[in-house]
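Asks: Structural data only, the sequence is not supplied:
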């Protein structure tokens, strides 16, 4: 039978030979929701027209700049998060993605941090409480994403799923959840099924790609059908998003493999 999940696809990483708007149309035509990254680099009016025509946008990056740990960076994160909310609302998006610090070229942190101190943890919780209050005010959910530091994002603080879960649980708000990225978690931690069970209700969305290579399920070492069965068994019926490149550039095959892996 068909699984309980809502399946979405990141338009930044598939059909990359096409303009973004055409990628969105292709993803929608194949029956998936659409995810995007930085809205400031997009034609928001054109995306809103697609949303008005029935395209389902699922999530987007929910800030432009800022950090969790220093006062100036926290204020900038809150300011740009507040500026992101009206865009999300125009597109019908209820989940806005966050990271431990602002990311620059190639996904590298704008302000890399080698060691996260106790005061940084305290500051991050305080900043995320402010973020959650902003989400509550506007009826959206911010999702704090785990990242890997070994391959893609060296120097990002609070990168491990263990870290993001601890921060989300410390805030304790329904307007702050985890963006649990299983590609990053496999590189950084492994033990994915138990990680999903441990995160439980803290999960706002699950993102997937295989390891190594960051391509679609079935191209690497992760048994995503087993993960899908475990998620269904634990009662997860939320969004699973493909944030992956298409192996050999075949995006339609990548989306087909993704759907097959998460049909239980």
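Replies: Looks like it came in fine. Just so it is clear, the model here is predicted, and its values are computed rather than measured.

Asks: quick one: low-confidence parts of this protein?
Replies: Within the chain, the stretches with pLDDT under 70 are 1-2.

Asks: ranges for the strands of the stretch 51-200 of the chain?
Replies: Using DSSP state E, counting those that start in this stretch, the strands of the stretch 51-200 of the chain run over residues 57-61, 95-98, 141-145, 176-181.

Asks: Which among these is found nearest to residue 40?
Replies: strand 57-61 (9.1 Å; C-beta to C-beta). For glycine as for every other residue, the C-beta is placed from the backbone atoms N, C-alpha and C.

Asks: distance between the closest one and the chain's centre?
Replies: Chain-centre distance of strand 57-61: 8 Å, with C-alpha atoms, centre = their mean, to the nearest Å.

Asks: just to revisit the earlier point, I'd like the strands of the stretch 51-200 of the chain laid out as JSON lines, including mean neighbour count and distance to residue 129.
Replies: Shown next, in JSON lines, are the strands of the stretch 51-200 of the chain (neighbours: other C-beta atoms under 10 Å; distance: least, C-beta to C-beta, whole Å):
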{"stretch": "strand 57-61", "mean neighbour count": "24", "distance to residue 129": "20"}
{"stretch": "strand 95-98", "mean neighbour count": "24", "distance to residue 129": "13"}
{"stretch": "strand 141-145", "mean neighbour count": "25", "distance to residue 129": "11"}
{"stretch": "strand 176-181", "mean neighbour count": "26", "distance to residue 129": "8"}
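
Asks: Tell me which residues touch residue 162, please.
Replies: Residue 162 makes contacts with residue 189, as judged by C-beta atoms under 8 Å, 6 or more residues apart in numbering.
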